[in-house]
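Participant: Can you look at this prediction? I've put the sequence above it.
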Amino acid sequence: MRDLSLHLLDLAQNSITAGASLVTIRMELDDQGLLTMTLKDDGKGMSPELLARVTSPFATTRTTRKVGLGIPLMKENAEKAGGSFSLESEEGRGTTLTASMDTHHIDCLPMGDLSGTLLSLMLTNPLRPDFLFEGRTPLGEASFDTREVRAALGSDIPLNEPAVAEWLKQALEEEINPIFGGA
Amino acid sequence: MKSLADLQAIRAKTLENINMRKDDNAARVVIGMATCGIAAGARPVMLAFMEEIKKRNLQHVTVSQTGCIGMCRYEPMLDVILPGQEKVTYIHVKPEMVPRIVSEHIVNGHPVEEYTIGAAKD
């Protein structure tokens, strides 16, 4: 994975597969340069047994083959950039993934196109789940909530309708790029 | 600034289109967006399709995603499925290839052979 926003796009898929109705994404950069990404869902969660082995590349819920690289790659990229990785999960309640990185570390991944990742998530999951994004950096704060979008638009219109997609693209860029930059 | 109020106007316009489209057979674009696809560059390809569809105001195309189909070395991969025809699989797709796939294949019905898996050399 070349940047953090691509990790996010990949990992959020796990929340969607877990049947989440709300996926909450937090991205915070503090004054010291520590970047923390939190991905929280209300999906079906993991058993303690699965949770214990899920950071192994040889653990996956797939049935067609035996490798799953999304989580181990994120863990490796966080830890080699002076950060940490953790997962909390409860069956029936959901999962929270936290990855942090020291942005001053030479091995820290760039952020990449964060608004593009959020747009991709919304367009490829046009009916559910809902996505809540909250971002904070020394430059300011940003937030985006698809529940508000659906309330204004009507829940019968999918988010990947071209006119809606164009609105989302511009709204996300306006909200997020000033503090996280566009790739 | 984009405001939520814009969405009311979009709703009114979009509802007509959705109702017109319901009984149509849409063309489908299915993009591989598992870890391998994303790492190889599937996101800009997906966004390029949305852009092209909007630019041409195509009403009968849906873009969706799928997981890993086990040929990770060919990612980014995608299928184009026109109603009543066999699916066509494109490999190593880059955003620059998307306008041709849309105009030649989706709009005019002629697959871009040189981009398909049938043209793969390895």
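Facilitator: Structure received.
Participant: near chain B, anything from the longest helix seen in chain A?
Facilitator: Longest helix in chain A, counting residues (DSSP state H): helix A:162-180. Yes. For helix A:162-180, a contact with chain B is found by CB under 8 Å from any CB of the partner chain, at A:162, A:163, A:164, A:165, A:166, A:167, A:170, A:171, A:174. Yep, even glycine has a C-beta here, placed from its N, CA and C like the rest.
Participant: what's that helix packed up against?
Facilitator: Packing contacts for helix A:162-180, counted by 3 or more CB pairs under 8 Å, 6 or more residues apart in numbering or on different chains; DSSP states H and E, involve helix A:114-124, strand A:130-137, strand A:140-145, helix B:6-21, helix B:42-55.
Participant: Out of these, name the one with the poorest average pLDDT.
Facilitator: Note on the helices and strands packed on helix A:162-180: lowest mean pLDDT is at helix B:6-21, with a mean of 81.
Participant: Assign residue A:109 to helix, strand or coil.
Facilitator: Under DSSP: H, G, I helix; E, B strand; the rest coil, the three-state class of residue A:109 is coil.
Participant: Quick check: it touching residue A:81?
Facilitator: Yes. Taking contacts as CB atoms under 8 Å, residue A:109 lies within contact range of residue A:81: 6.9 Å.
Participant: list the residues that contact both of the two?
Facilitator: residue A:101 (CB atoms under 8 Å, 6 or more residues apart in numbering or on different chains).
Participant: among the helices and strands packed on helix A:162-180, which is the most enclosed?
Facilitator: Between the helices and strands packed on helix A:162-180, helix A:114-124 has the highest mean count of neighbours, a mean of 25, where neighbours are mean count of other CB atoms under 10 Å in any protein chain shown.
Participant: hang on, the earlier thing: please render the helices and strands packed on helix A:162-180 as CSV that adds distance to residue A:61 to the earlier fields.
Facilitator: Formatted as CSV, these follow (distance: least, CB to CB, whole Å):
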stretch, distance to residue A:61
helix A:114-124, 19
strand A:130-137, 22
strand A:140-145, 28
helix B:6-21, 34
helix B:42-55, 20
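Participant: give me the element the residue nearest the centre of chain B is part of.
Facilitator: In chain B, the centroid-proximal residue (CA atoms, centre = their mean) is residue B:29; its distance is 3.7 Å. In this assignment (DSSP states H and E), residue B:29 forms part of strand B:27-32.
Participant: and after that strand, which helix or strand comes next?
Facilitator: Using DSSP H and E, the first helix or strand after strand B:27-32 is helix B:35-40.
Participant: near chain A, which residues of chain B show up?
Facilitator: The interface of chain B toward chain A, taken as CB under 8 Å from any CB, is made up of B:1-2, B:4-8, B:10-11, B:13-15, B:17-18, B:33-36, B:38-39, B:43-44, B:46-47, B:50, B:53-54, B:57-58, B:62-65, B:67-68, B:70.
Participant: Please pull out the lowest mean pLDDT helix or strand from chain A.
Facilitator: helix A:48-53 (a mean of 90; mean pLDDT, DSSP states H and E).
Participant: Could you point out the bridge partners of the residue lying closest to residue B:106 once chain neighbours are set aside in the sheet?
Facilitator: Among residues not flanking residue B:106 along the chain, residue B:27 sits closest, at 5.2 Å (CB to CB, 6 or more residues apart in numbering or on different chains). Counting by DSSP bridges, residue B:27 is bridged to residue B:61.
Participant: Now do residue B:4, the pLDDT please.
Facilitator: 88.
Participant: shouldn't it be in contact with residue A:146?
Facilitator: No. Judged on CB under 8 Å, residue B:4 makes no contact with residue A:146 at a distance of 11.4 Å.
Participant: The two: which is more packed in?
Facilitator: residue A:146 (23 against 13; other CB atoms under 10 Å in any protein chain shown).
Participant: For the more buried one, which residues are in contact?
Facilitator: A:122, A:130, A:131, A:132, A:159.
Participant: switch the cut-off to 10 Å
Facilitator: The contact partners of residue A:146, by CB atoms under 10 Å, 6 or more residues apart in numbering or on different chains, come to A:22-23, A:118, A:121-122, A:125-126, A:128-133, A:153, A:159, A:168.
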